[in-house]
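> turn this into a model:
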Amino acid sequence: MRKFLLLMNTLRYLRAKQVWYRLYYSIRRKFKNNKIELKSFENPSCFLLNFQEFLKGNEKYKNGEFKFLNLSKKFNEVDWNFSGFGKLWVYNLNYFDFLNQKSIKLEEALSLIKHFISKIEQIEIGLEPYPTSLRTINWIKFLSANRVKNKEICIFLYAQYKMLLKNLEYHLMGNHLLENGFSLLFGAYFFRNEFFYNKAKEILLEELEEQVLSDGGHFEQSPMYHQIILERLLDAINLIKNNSWKGQELLEILCEKAEKMLGWLREITFANGNIPLFNDSAFGIAFSTEQLLDYAMKLGLKPADVRLGDSGYRMIRKGKYEIAIDIGDIKAKYIPGHSHADTFTFELYINNTPIVVDTGVSTYENNKKRILERSTKAHNTVEVNEESSSEVWGSFRVGGRAKVVEVEERKDYVRAIHDGYFKKFGVFHQREYFFKENEIVIKDKILGGKRVNAVARLHFHPKVEIESKEKFILMNNFCKIEIEGGKFKIVKYEYAPEFNKLIPGKCVEIFFQDKLECKIGIC
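This next block holds a predicted model:
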C-alpha cells in the first residue's frame, strides 16, 4: 500500500502532456525503431556559422583516454555504449564536448566523429534526445570554428536533427526540453531550415517564460543546472548576434532572460566563487559564475538587479560571513528529479571559507547513495522520526513533498514553516534565522503538539576541525556553536563536492523533541 501511495503522490504532479507523450513514445517503440530515421539520409545544404569565442572547458580527452566525472577510460576502439561507469558517464561521452577543448587536434576530432557515424547501428544511449541535443550543438560549434565542410558529417548531422524532432522530450520537459530547443536553434541556422527554426522558437519562448522565475532563478532550483542553462542561453545569443539569417527576432527576449539569470547567479554565488551545492549541484561540471559573467560581458550583457525571492533561496552577507538558505517549495512540480528533501537547509561560509556545507551529490545511479544524498538526513535541516520531509525515491522521483505554508521576512530575520511532516506525524517544522553582525541564531520548533523525535544536523566541511565541549562546539577558531534544548553527538559523513568524489567529514547530530536553539558565534 505504501508503494502504491508513493507512486500516486508522484504521478499526480505530472502534466497531461507528459503522460500523453510517455504513452505515445512507449507504444511507438513497440512498432517502430527510431534508428530507422537515420537510414533515410537527405543531402541538405549547410552553412558554417560565425561566433565570438565560446567558453572552453577542461581537457576531457587526450591520447585515446576520456575523463568525465572524475573517472577515466582509455579505449583501443571507442565503445560509445560503454556502461562501466554508469549512464551519466556514457551521456558525457556522447555529448562530444571534447571537440571544443583547446588541445584536441583537428584530424583526431574528425576521426572521432566519423567513428561515431560508422557505429550508428550499435549506438543506443547516445541517440537519446538529451545527448543528441548537446552533441549536435558541439558538432556545429566544432565544424564552424574550424571551417570544416564535410558532406558525410553534414548529412549525418541533419539526420540526427530529423530524429530529434520526432523524439522531443515532452514526456520529461524542464531543462531537457529546453536543451532540445537550443539545439534546434543551432540546427536551424546551420541548415537554414525554417521548420527547425519555428519549432526552436516555439520551445524556447514557452519554456524560458516558465523556467526562468521572477527573481531570475531556474525553476529546477539547482545552481549547477542554472549555470548550464545560462551557458546555453549565452551561446544562443552569440549565435543570433553573429549570424544574420533570421535577423534579431529572438534576441531581445533571450537577452532579457539571460540578464535576469546572470543577476540571480551573481546574488547566490559566494564571494570565493563557489555556488551552494543545493539540490543536484556539484563543482567541476558547469562553467563558473566568473566565467559566465565574463562571457556575458563580451556579448554586451550585464546582470540585472534582482532580489532573491521566487526561487526560495536567500543569501545573507554580514560581517565576516555569508549564509545561503532555502525557504522555498519545489517549483518544477512536474519534473522534480533534481530536487532534494532539503527544505530549510543552509550553507555557511566565514572569511570566504566553507564551514557548514551541503553534502553534495556523487552519483545519479539508482542506489542507496543516491537516495541518501537526496534525503533530509544529508542536509542541514531537521529530520522527524527518521523520515525525509519530501518523499524522494528512485534516482529522480519525488512523491509527497514539503510545502512552505508561511514565510515572514524582516531585516536580519527570516521565519518559515513547512508541512512536510504533517500528513505522517501531524506536526509542522518552523525555523527562524536571526542574523547579527557576529552571530547567527537558528531556532527550530516542532509545531502541532504531537510528540516526535527530531534531529537537526550540521555537516561541516572536511577541513573544519571540531572541538566538542558539553554545550558548545569550537571550529578552527572560525566560530563557536552553542546548543540549547537538545543533546548532540558527532558522527562521520561523506562530503561529495564533485561526482564520484567522496571526502570524509564530520556531522553534528542534535536530538530534540519540541524546540532547539543554535547560536553560531563568529570568532
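> grab the most central residue of this structure for me.
The geometric centre of the chain, computed from its C-alpha atoms, lies nearest to Tyr225 (C-alpha atoms, centre = their mean), at 3.1 Å.
> how far away is that one from Asp280?
7 Å (C-beta to C-beta, to the nearest Å). In this view, the C-beta of every residue, glycine as well, is placed from N, C-alpha and C.
> can you check Val464 too?
In this view, Val464 and Asp280 are 24 Å apart by C-beta to C-beta.
> domains of this structure?
Here the domain assignment for the chain is 43-172, 212-311, 313-522, based on automatic domain parsing.
> any chance of these in a markdown table, with distance to Phe190 and mean pLDDT too?
Output for the domains of the chain, formatted as a markdown table (distance: least, C-beta to C-beta, whole Å; pLDDT from 0 to 100):
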| stretch | distance to Phe190 | mean pLDDT |
| --- | --- | --- |
| domain 43-172 | 5 | 94 |
| domain 212-311 | 9 | 97 |
| domain 313-522 | 29 | 95 |
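> show me what counts as buried in the host helix or strand of the residue nearest to the centre of the chain.
Assigned by DSSP states H and E, Tyr225 belongs to helix 223-241. Across helix 223-241, burial judged by 16 or more other C-beta atoms under 10 Å covers 223-241.
> just stretch 447-464 next, same as before
447-448, 452, 454-462, 464.
> ok now it, how far from the chain's centre?
Chain-centre distance of stretch 447-464: 25 Å, with C-alpha atoms, centre = their mean, to the nearest Å.
> strands of the stretch 201-350 of the chain, start to end?
Assigned by DSSP state E, counting those that start in this stretch, the strands in the stretch 201-350 of the chain fall at 313-318, 321-326, 346-350.
> just the helices in the stretch 401-523 of the chain please.
Under the criterion DSSP state H, counting those that start in this stretch, helices of the stretch 401-523 of the chain are mapped to 422-425.
> how close does Thr363 get to Glu498?
Distance, Thr363 to Glu498, using C-beta to C-beta: 11 Å.
> Lys489 too?
28 Å.
> compare these two (neighbour count), which wins?
It is Glu498, of Lys489 and Glu498, that has more neighbours when counted by other C-beta atoms under 10 Å, with 18 against 10.
> about what we covered before: who wins for proximity to Arg15 among the domains of the chain?
The closest of these to Arg15 is domain 313-522. By C-beta to C-beta, the value is 4.9 Å.
> next one: that closest one to chain centre, how far?
That offset, for domain 313-522, works out to 19 Å (C-alpha atoms, centre = their mean).
> over to the residue lying farthest from the centre of the chain: give its phi and psi.
Distance from the centre of the chain peaks at Glu470, with 39.6 Å (C-alpha atoms, centre = their mean). Phi and psi for Glu470, reported as degrees, to the nearest 10, are phi -70, psi -40.
> on that earlier part again, who touches the residue nearest to the centre of the chain in this structure?
175, 218, 280-281, 286, 338 (C-beta atoms under 8 Å, 6 or more residues apart in numbering).
> take these and write them to CSV, including neighbour count and distance to Glu108.
Below are the contacts of Tyr225 laid out as CSV (neighbours: other C-beta atoms under 10 Å; distance: C-beta to C-beta, whole Å):
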residue, neighbour count, distance to Glu108
Asn175, 25, 31
His218, 28, 35
Asp280, 22, 33
Ser281, 24, 33
Ala286, 22, 26
His338, 24, 34
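> from those residues, which ones fall inside helices?
Asn175 (DSSP state H).
> where do the helices of the stretch 101-250 of the chain begin and end?
All helices of the stretch 101-250 of the chain, identified by DSSP H, counting those that start in this stretch, fall at 106-118, 129-145, 151-165, 174-191, 194-211, 223-241.
> which one of these lies closest to Glu252?
Using C-beta to C-beta, the helices of the stretch 101-250 of the chain put helix 223-241 closest to Glu252, at 10.2 Å.
> roughly how far out does the closest one sit from the chain middle?
14 Å.
> okay, the angle between that helix and strand 313-318?
Counting by axes from the mean of the first three to the mean of the last three C-alpha atoms, to 10 degrees, helix 223-241 lies at 100 degrees to strand 313-318.
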